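[1] Let me see the structure of the following:
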Amino acid sequence: MALPEDCIQELITQCKILVFDKEEEIIKTGQYSDKTYYVAAGSARAFYIKENGKEVTEWFAFNGEFICSVNSFFQNTPSTFSISSVEPVVLLEISRTTANYLSDKYRAFERLEKKVITHTLIKLQQRISALQFEDARHKYENLINTQSGILRRIPLSYIASYLGITLETLSRIRNPKNII
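    Numbering: from 1, shown residues only. Sure thing, here's the model as predicted:
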């Protein structure tokens, strides 16, 4: 969906370009954030830390996708998770104020925003269904079929956590000797 040139120019003047090295924190759990981030290059992940200290990956964002703390961005509440870079990443930071302004001023921006939110909701519903109803092998196969490059870019420990399985289970699934 193309945005009008004047909308693009306003967006460019309002956005910040942020660059993070591998494994750098972007948002901390408990932080308020009225920003959303467009991944121009690289990848990031949203995660939380359980009481036992174990990290649980909730979400990945790759080139051309958005990532933010939804509750903090839309409800002005503390973020319930952290966001960090997985590999070196270039982000375009868009504030809630800028997004609201551009949505009010440009119908095309509002439609784009709706399209992004709809796409995200669909991915979220698929993720919830997978976590609830699919076995470990099926979750893994769906992940590599829908995001084929993920294995080259994301550490296996993050992938296992994202799938809701242990690293050992992921290793067994990936072992060609275990394919039935």
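
[2] show me where this structure has helices.
    5-14, 70-75, 96-105, 107-133, 136-146, 150-153, 156-163, 167-174 (DSSP state H).

[3] Give me the buried positions along the shortest one.
    Put plainly, it is helix 150-153. Residues residue 150 are the ones in helix 150-153 that count as buried (16 or more other C-beta atoms under 10 Å). Bear in mind the C-beta positions are built from the backbone N, C-alpha and C, glycine included.

[4] How about the spatially most central residue of the chain: which residues does it bridge to?
    Residue closest to the average C-alpha location in the chain (C-alpha atoms, centre = their mean): residue 61, at 3.3 Å. Residue 61 forms beta bridges with residue 44, as assigned by DSSP bridges.

[5] returning to what we had before: can you list the helices of the chain in JSON lines and add mean pLDDT and distance to residue 46?
    Shown next, in JSON lines, are those (pLDDT from 0 to 100; distance: least, C-beta to C-beta, whole Å):
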{"stretch": "helix 5-14", "mean pLDDT": "89", "distance to residue 46": "23"}
{"stretch": "helix 70-75", "mean pLDDT": "91", "distance to residue 46": "9"}
{"stretch": "helix 96-105", "mean pLDDT": "93", "distance to residue 46": "18"}
{"stretch": "helix 107-133", "mean pLDDT": "89", "distance to residue 46": "12"}
{"stretch": "helix 136-146", "mean pLDDT": "89", "distance to residue 46": "16"}
{"stretch": "helix 150-153", "mean pLDDT": "89", "distance to residue 46": "15"}
{"stretch": "helix 156-163", "mean pLDDT": "94", "distance to residue 46": "10"}
{"stretch": "helix 167-174", "mean pLDDT": "92", "distance to residue 46": "19"}
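
[6] Go through the ones you listed and name the closest to residue 84.
    Minimum separation from residue 84 across the helices of the chain (C-beta to C-beta) falls at helix 156-163, 10.3 Å.
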